[in-house]
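Colleague: structure here, sequence nowhere to be found:
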């Protein structure tokens, strides 16, 4: 299959002549083992071999039957009925952890202790303390670890961050990002012991998006709706920065537009489709240092690509190949910061998972 | 000039067979006097005679020179160098007050005491107490009074509210509305004594929009940026309801998309253009009572019309003609509620106007 062609628009090349989007097809080959057999595991098993140089060589589950069915469905050569077996497979060069959130911490430690680099689905763990634990193990063992925040590696998000950090639009004033899906009938999300609620599943996207652009907030202020079972069904997290306010809204009670925008002193970026998926951005740019600009222009770039998970997988392959323990695009500190923001939001809502 | 043609889409007629948008051209004639000579006064003087049966017969200002220049520019027959003279003009049947906010209260009382119905620019007054004062005078004198929240009367907002109250989209879960303009060089907005800041000028739109749909919130939680002069430059107001959260964001430091969306259990309405101006709405509708709907459809309705101010002016004409003291679409209680929400937001931000 042809790799998707990514054409960089003139407008960004004028600002950043060296801007490129790393091609997943040019990354070193990497043999993956997958822990978990759910939706994300399937998408990974489908997209990574199709759109990058990565291969899936094994899958592990608590149930051998489920692992075997997954392996058959996704043409994975090896299936294991335990995570430990998968971690021990000498053929597996890196482990992708796609189980429900409460298992991430233990499985990441398991894989790292078996000498395997890990890519761990978001939310990375249940809380910041668990995340620090995992990264400490990675540091001690000198192994690569990364949160699978695939969105950060998507072409339209890379381009947006490049534009914003170039200063071409002026200082950032306001970010809004929201993610709502009607998921309140999904069993996993209705159980606190499974890390249920809107935050870890949906809220992590807008929070991480904002953190990727503005860094760590001065203040976090959360308003939300918590159901009688203690599950956060809905929250708006206001993140205050020097000179800017960002809001991350998530709900599991309704489908929302799932859009985002970043407004700056002299322009803005609007994500025209679901901001966390490959899609279009429209950039509105005004001349700098002009109160009421006579001229402004806008351009839209279509960042739709097939798949999406291949970009993060290729990043892991490049980092592992280079002997790095973390990615510059999704570094440990950012994952911890995102977990800390969510910890604060939950504390403000009074939401605690049973193991906390 | 032909009145704009408003075609009601089939989809809404199926839900509400009797839904209509009142035609400004069919309202009774009304002779207006305008207090103030700024942007809103000019737009009113231009649009009302052009797109409705209303006429502008006089303009008043503290400066006779300004009033005369406004009169000449806008073909208004009479100009006064004081507001009292305008209020006393027997030819004036209703007064539109379009001065800066701090003067609204006194000028509304002046007009009412002169026996004239009033349409008062938003924000209606500086705070809820002032608003109650004005409505008390209207009640005592039996005269009509209304906040000039023109957006509430626009076709696309009428249609959105009709759809939402029909229940066709299910319960409302989330509303987001934001209004950002780069206005921090505009002198009036930089002075606290002139009611400066983002809230009264920009924030009133999203707050009133949300209040028009969900009514009065259980809780108001505000995060904002206040400059060293005590001016609110930026705020996010979270409005919590039983089962829903709405956020109203406003900033005077950046142009934002100025969009809004209302997300419900079984569908949503997205305002495709500036939500407070005439524009398009897209309605996404899913079958009710279905967790993961197989079918969903969307339709877009283009509510662009010329002008916009004529809809509120026609409402005043109809109400005055019918001997009413308030409008069902923009009733006194709603104006007071909006001012109370903004009072709470300012208290949370620590913003006080000098006269308070």
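Modeller: Here it is on my side, so go on. Note that the structure is a prediction, hence the values are computed from the model and not measured.
Colleague: work out the gap between stretch A:142-152 and the centre of the chain.
Modeller: 8 Å (Cα atoms, centre = their mean, to the nearest Å).
Colleague: what's the answer for stretch A:58-70, then?
Modeller: In terms of Cα atoms, centre = their mean, the centre of stretch A:58-70 is set 25 Å apart from its chain centre.
Colleague: for it, how far is the first residue from the last?
Modeller: Taking Cα to Cα, to the nearest Å, stretch A:58-70 runs 10 Å from one end to the other.
Colleague: mind listing the helices for the stretch 101-250 of chain A?
Modeller: Under the criterion DSSP state H, counting those that start in this stretch, helices of the stretch 101-250 of chain A are mapped to A:104-113, A:128-141, A:155-166, A:198, A:204-214.
Colleague: to chain B, which of those helices lies closest?
Modeller: Among the helices of the stretch 101-250 of chain A, the nearest to chain B by Cβ to the nearest Cβ is helix A:198 (10.8 Å). In this view, the C-beta of every residue, glycine as well, is placed from N, C-alpha and C.
Colleague: helices or strands up against that closest one?
Modeller: In terms of contacts (3 or more Cβ pairs under 8 Å, 6 or more residues apart in numbering or on different chains; DSSP states H and E), helix A:198 is packed against strand A:232-241.
Colleague: just put the helices of the stretch 101-250 of chain A in JSON lines and tack on mean neighbour count and mean pLDDT.
Modeller: Putting the helices of the stretch 101-250 of chain A into JSON lines (neighbours: other Cβ atoms under 10 Å in any protein chain shown; pLDDT from 0 to 100) gives the following:
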{"stretch": "helix A:104-113", "mean neighbour count": "23", "mean pLDDT": "98"}
{"stretch": "helix A:128-141", "mean neighbour count": "19", "mean pLDDT": "98"}
{"stretch": "helix A:155-166", "mean neighbour count": "20", "mean pLDDT": "97"}
{"stretch": "helix A:198", "mean neighbour count": "26", "mean pLDDT": "98"}
{"stretch": "helix A:204-214", "mean neighbour count": "25", "mean pLDDT": "98"}
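Colleague: show me what from chain A comes close to chain B.
Modeller: Within reach of chain B by Cβ under 8 Å from any Cβ of the partner chain, chain A has these residues: A:173-174, A:176, A:178, A:180, A:182, A:185, A:219, A:221, A:223-225, A:234-236, A:238, A:240, A:243-245, A:247, A:249, A:251, A:253-257, A:261, A:263-265, A:268, A:270, A:284, A:286, A:291-292.
Colleague: any chance of a PyMOL selection covering the buried ones in those?
Modeller: Listed next is the PyMOL selection for buried residues among these, using 16 or more other Cβ atoms under 10 Å in any protein chain shown:
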select buried, chain A and resi 173+174+176+178+180+182+221+223+224+225+234+235+236+238+240+244+245+247+249+251+253+254+255+256+257+261+263+264+265+268+270+284+286
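Colleague: and the end-to-end length of stretch A:148-167?
Modeller: 28 Å.
Colleague: I'd assumed residue A:133 was in contact with residue A:339.
Modeller: No - if you go by Cβ atoms under 8 Å, residue A:339 and residue A:133 don't touch, sitting 11.1 Å apart.
Colleague: which residues do those two both contact?
Modeller: Both residue A:339 and residue A:133 are in contact with residue A:125, where contact means Cβ atoms under 8 Å, 6 or more residues apart in numbering or on different chains.
Colleague: got the buried residues for stretch A:186-198?
Modeller: Quick answer for stretch A:186-198 (16+ other Cβ under 10 Å): A:189-192, A:194-198.
Colleague: so who does the most centrally placed residue in chain A touch?
Modeller: Residue closest to the average C-alpha location in chain A (Cα atoms, centre = their mean): residue A:149, at 1.6 Å. For residue A:149, the contact set (Cβ under 8 Å, 6+ apart) comprises A:122, A:204, A:208, A:312, A:330, A:335.
Colleague: residues touching residue A:192, list them.
Modeller: Taking Cβ under 8 Å, 6+ apart as the contact definition, residue A:192 lies against A:229-231, A:353-354.
Colleague: measure it to residue A:126 for me?
Modeller: As judged by Cβ to Cβ, to the nearest Å, residue A:192 and residue A:126 stand 11 Å apart.
Colleague: please enumerate the shared neighbours of the two.
Modeller: residue A:353.
Colleague: one step back: of the contacts of residue A:192, closest to residue B:67?
Modeller: Here the nearest of the contacts of residue A:192 to residue B:67, counting by Cβ to Cβ, is residue A:231; it sits at 61.3 Å.
Colleague: tell me the confidence at the closest one?
Modeller: Here the pLDDT value assigned to residue A:231 is 97.
Colleague: buried sites along the lengthiest helix in chain A?
Modeller: In chain A, assigned by DSSP state H, the helix with the most residues is helix A:332-349. Under the neighbour-count criterion of 16+ other Cβ under 10 Å, helix A:332-349 has A:332, A:334-346, A:349 buried.
Colleague: could you check the angle helix A:128-141 makes with that helix?
Modeller: When axes from the mean of the first three to the mean of the last three Cα atoms, to 10 degrees is applied, the directions of helix A:332-349 and helix A:128-141 differ by 160 degrees.
Colleague: and helix A:332-349 with helix A:204-214, angle?
Modeller: Put simply, helix A:332-349 runs at 130 degrees to helix A:204-214, going by the same axes, to 10 degrees.
Colleague: who does helix A:332-349 touch, helix- and strand-wise?
Modeller: helix A:128-141, strand A:145-148, helix A:204-214, strand A:219-226, strand A:232-241.
Colleague: please repeat the previous calculation with a cut-off of 6 Å.
Modeller: In terms of contacts (3 or more Cβ pairs under 6 Å, 6 or more residues apart in numbering or on different chains; DSSP states H and E), helix A:332-349 is packed against helix A:128-141, helix A:204-214, strand A:219-226.
Colleague: now the residue nearest to the centre of chain A. Its backbone dihedrals?
Modeller: phi -80, psi 80 (degrees, to the nearest 10).
Colleague: from chain B, how far out is it?
Modeller: Counting by Cβ to the nearest Cβ, to the nearest Å, the gap from residue A:149 to chain B is 23 Å.
Colleague: what's the answer for residue A:351, then?
Modeller: Residue A:351 is 15 Å from chain B, by Cβ to the nearest Cβ.
Colleague: if we ignore the residues flanking it in sequence, what's nearest that residue?
Modeller: Once flanking residues are discounted, residue A:351 sits nearest to residue A:232: 4.9 Å by Cβ to Cβ, 6 or more residues apart in numbering or on different chains.
Colleague: isn't the one you found right up against residue A:350?
Modeller: No - the pair residue A:232 and residue A:350 does not pass the contact test of Cβ atoms under 6 Å, sitting 9.2 Å apart.
Colleague: between the two, which is the more surrounded one?
Modeller: When residue A:232 and residue A:350 are compared for neighbours, residue A:232 comes out ahead with 26 against 10, by other Cβ atoms under 10 Å in any protein chain shown.
Colleague: coming back round to it: nearest to residue B:73, of the helices and strands packed on helix A:332-349?
Modeller: Per Cβ to Cβ, nearest to residue B:73 of the helices and strands packed on helix A:332-349: helix A:204-214, 45.1 Å.
Colleague: so where's chain A uncertain?
Modeller: Residue ranges of chain A with pLDDT under 70: A:1-5, A:288-295.
Colleague: mind giving me the domain split of it?
Modeller: A:23-150+A:311-325, A:155-304 (automatic domain parsing).
Colleague: contacting residues around stretch A:118-126?
Modeller: For stretch A:118-126, the surrounding residues in contact (Cβ atoms under 6 Å, 6 or more residues apart in numbering or on different chains) are A:40, A:95-98, A:101, A:104-105, A:108, A:111, A:131, A:145-149, A:195, A:200, A:204, A:316, A:335, A:353.
Colleague: so which of the buried residues of stretch A:186-198 belong to strands?
Modeller: The strands, defined by DSSP state E, take in nothing from the buried residues of stretch A:186-198.
Colleague: and which of these is nearest chain B?
Modeller: Closest approach to chain B among those (Cβ to the nearest Cβ): residue A:198, at 10.8 Å.
Colleague: the spatially closest residue to residue A:61 that is not a sequence neighbour: which element?
Modeller: Take residue A:61 and drop its neighbours on the chain: the residue closest to it by Cβ to Cβ, 6+ apart is residue A:67, 4.0 Å away. Per DSSP states H and E, residue A:67 falls inside helix A:64-73.
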